[in-house]
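*Asks:* Attaching a predicted model along with its sequence, questions to come.
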Amino acid sequence: MEKAFSYRFYPTLEQESLLRRTLGCVRYVYNKALHERTQSWYEKQERVGYNQTSSMLTNWKKQEEFSFLNEVSCVPLQQGLRHLQSAFTNFFAGHAKYPNFKKKHQGGSAEFTKSAFKWKDRQIYLAKCSEPLPIRWSRQIPDLCEPSTVTVRLHPSGRWHISIRFDDPRCKPLPVSDKAIGIDLGIREMLVTSDGKKISNPKHLKQHYRRLRSAQKSLLRKQKGSKNRDKARIKVALIHAQISDTRKDHLHKLTTQLVRENQTIVVENLAVKNMVKNHKLAQSISDASWGEITRQISYKCRWYGRNYIEIDRWFPSSKRCSDCGYVVEKMPLSVREWDCPNCGTSHDRDINASKNILAAFSCGVSLWSECKTRTE
């Protein structure tokens, strides 16, 4: 099973200088290749692929004005072109928007394949670096596992992280369980399970909202290009990083517990990107991290031999009585509890929805056809 561990590291002055130049070159090559591909299409209606941009890179490195590209490893530059090709592939497939140019102050990343780093004595030596990276090993890479790819990332807050990808043969399925749950994602309650458990939303953004707003106001008052503005920008980025770290820590603990305790987990395949277009709920939905919750549950189920099931987002989980199957015509978001007009059962909106989500998986095709008929 392929895994990736992320660590923080603290480069020496020499290493930081080389890494910053590498990130700058990766960004420059990516942006220049994107410009060439865009210009070629608008002027000649010709598509330029990875092979052509790779040839362009070779020619650029031979020119005097681009000689700085030879000061860094060529592998991250080639990987940057591959990422650009992937961005265009996703664009033409309708999965993403047109690729954007990379900005300097948003950090950056550089990917090193096996030919551009050395794994020796459980240390990482990057190309053109004489000393190993001083990594803070929060957990060790398993024995007999060798990294296949290393990605170095500089965050806007100024923190350095390294992601090490490797194949882990120790990752084995957990003992089989007969427990299955349905999960309903929400804002007030982050998630509600079909067995009646409610996990409250910690609202990580709200906890730091005043500090963040104050720091952002201070940033707006600074003159562009000044050192004080750069300091203020880093302060804002550090607050964002703190919010992100606490959110990820909470979600990892929560999703790991759910995967360990249940054999089958059923959720709705919500279109989060479309839902955040509602400006009244966008901030709350983003803070609840519905997409990240389902992403973590999905890959952890693959790791540990669990079943991850998604049901149609149009299934009326909230409006359907989990006891008799009666579907209410309308139910505003303000209604949190309701009584079934058919059987008289009292329902908690979220618990009822999670029970119906589990039932949709359990009943299979027959339930789908029944739901279509009732909603139509």
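*Replies:* Looks like it came in fine. Residues are numbered from 1 along each chain as shown.
*Asks:* What residue, apart from its backbone neighbours, is nearest residue 341 spatially?
*Replies:* In this structure, residue 341 finds its nearest non-sequential neighbour in residue 326, 6.8 Å apart by CB to CB, 6 or more residues apart in numbering. C-beta here means a position set from N, CA and C on the backbone, and glycine is covered the same way.
*Asks:* which ones are touching that neighbour?
*Replies:* Contacts for residue 326 (CB atoms under 8 Å, 6 or more residues apart in numbering) come out as 320, 340-343.
*Asks:* same question, residue 297
*Replies:* 255, 258-259, 265, 267, 308.
*Asks:* Now do the SS call for it.
*Replies:* Going by DSSP: H, G, I helix; E, B strand; the rest coil, the secondary structure assigned to residue 297 is helix.
*Asks:* Mind giving me the ChimeraX select for the contacts of residue 326, buried ones only?
*Replies:* The buried residues among these can be selected in ChimeraX (16 or more other CB atoms under 10 Å) with this line:
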select :320,340
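*Asks:* so can I have TSV of the contacts of residue 326 showing distance to residue 214?
*Replies:* Formatted as TSV, these follow (distance: CB to CB, whole Å):
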residue	distance to residue 214
320	46
340	49
341	51
342	53
343	53
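*Asks:* do you know how far residue 35 is from residue 346?
*Replies:* Distance, residue 35 to residue 346, by CB to CB, to the nearest Å: 62 Å.
*Asks:* what does residue 79 give?
*Replies:* With CB to CB as the criterion, residue 79 and residue 346 are 57 Å apart.
*Asks:* ok, the two, which is more surrounded?
*Replies:* residue 79 (21 against 9; other CB atoms under 10 Å).
*Asks:* for the more buried one, what are its contacts?
*Replies:* Here residue 79 is in contact with 26, 110-113 (CB under 8 Å, 6+ apart).
*Asks:* any idea which helix or strand carries it?
*Replies:* helix 74-92 (DSSP states H and E).
*Asks:* Any idea how many residues pack against residue 81?
*Replies:* Residue 81: 22 neighbours (other CB under 10 Å).
*Asks:* Show me the strands in the chain, by range?
*Replies:* Applying DSSP state E to the chain gives strands spanning 2-9, 108-113, 117-120, 123-126, 135-136, 149-154, 160-167, 180-185, 189-193, 198-200, 264-268, 307-311, 337-339, 346-348.
*Asks:* and those strands as JSON lines, adding distance to residue 16?
*Replies:* Below are the strands of the chain laid out as JSON lines (distance: least, CB to CB, whole Å):
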{"stretch": "strand 2-9", "distance to residue 16": "10"}
{"stretch": "strand 108-113", "distance to residue 16": "13"}
{"stretch": "strand 117-120", "distance to residue 16": "17"}
{"stretch": "strand 123-126", "distance to residue 16": "12"}
{"stretch": "strand 135-136", "distance to residue 16": "14"}
{"stretch": "strand 149-154", "distance to residue 16": "9"}
{"stretch": "strand 160-167", "distance to residue 16": "8"}
{"stretch": "strand 180-185", "distance to residue 16": "41"}
{"stretch": "strand 189-193", "distance to residue 16": "38"}
{"stretch": "strand 198-200", "distance to residue 16": "40"}
{"stretch": "strand 264-268", "distance to residue 16": "42"}
{"stretch": "strand 307-311", "distance to residue 16": "40"}
{"stretch": "strand 337-339", "distance to residue 16": "57"}
{"stretch": "strand 346-348", "distance to residue 16": "54"}
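*Asks:* confidence score at the residue nearest to residue 341?
*Replies:* pLDDT, residue 326: 89.
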